[in-house]
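Colleague: Following is a predicted model, sequence given first.
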Amino acid sequence: MSAFASDPGLDDIRDAAGHGTEVDVAVHLHDGTVRLSILWTQEILLNADDADQVAQALQRATEQSRRNTATRRPDRSTST
């Protein structure tokens with residue numbers, strides 16, 4: 001079982017150049033980190049609608065991460 005929960009809204013996103021490249025946005029369920037993966041290559045070309053969907057998925061992941069981590073650990077001091 002993966003510790004990451006992928007955004008199902010990106011299942012049909014493929015690169016605009018037709019190379020079959022995929023993108024995945026996922027939240028780590030234990031530590032709240034957000035993973036952005038570009039599968040099968042190092043870059044992806046997206047049309048405007050797909051880029052918007054990826055941006056929305058990142059925002060959803062960020063919100064989920066903040067909710068998860070807010071309930072698990074107290075605020076940390078930023079002083080050094």
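Modeller: Now that the structure is in, tell me what you want to look at. Residues are numbered from 1 along each chain as shown.

Colleague: Low-confidence bits of this structure, can you list those?
Modeller: Applying pLDDT under 70 to the chain flags the ranges 1, 73-80.

Colleague: What residue, apart from its backbone neighbours, is nearest the residue minimising distance to the centre of it spatially?
Modeller: By C-alpha atoms, centre = their mean, the mean C-alpha position of the chain lies nearest to Val25, the distance being 2.4 Å. Spatial nearest neighbour of Val25, excluding adjacent residues (C-beta to C-beta, 6 or more residues apart in numbering): Ala57 at 4.1 Å. Yep, even glycine has a C-beta here, placed from its N, CA and C like the rest.

Colleague: likewise Asp31?
Modeller: Thr69 (7.6 Å).

Colleague: Which helix or strand lies directly C-terminal to the helix or strand containing Asp24?
Modeller: Using DSSP states H and E, Asp24 maps to strand 22-28. Downstream of strand 22-28, the first helix or strand assigned by DSSP H and E is strand 34-39.

Colleague: ok, the residue nearest to Val25 - how many residues close by?
Modeller: For Ala57, the neighbour count with other C-beta atoms under 10 Å is 22.

Colleague: Neighbouring strands - and their directions - for the helix or strand containing Ala5?
Modeller: Assigned by DSSP H and E, Ala5 falls within strand 4-6. Strand 4-6 sits in its sheet next to strand 22-28 (antiparallel), going by DSSP bridges.

Colleague: No more questions from me, cheers.
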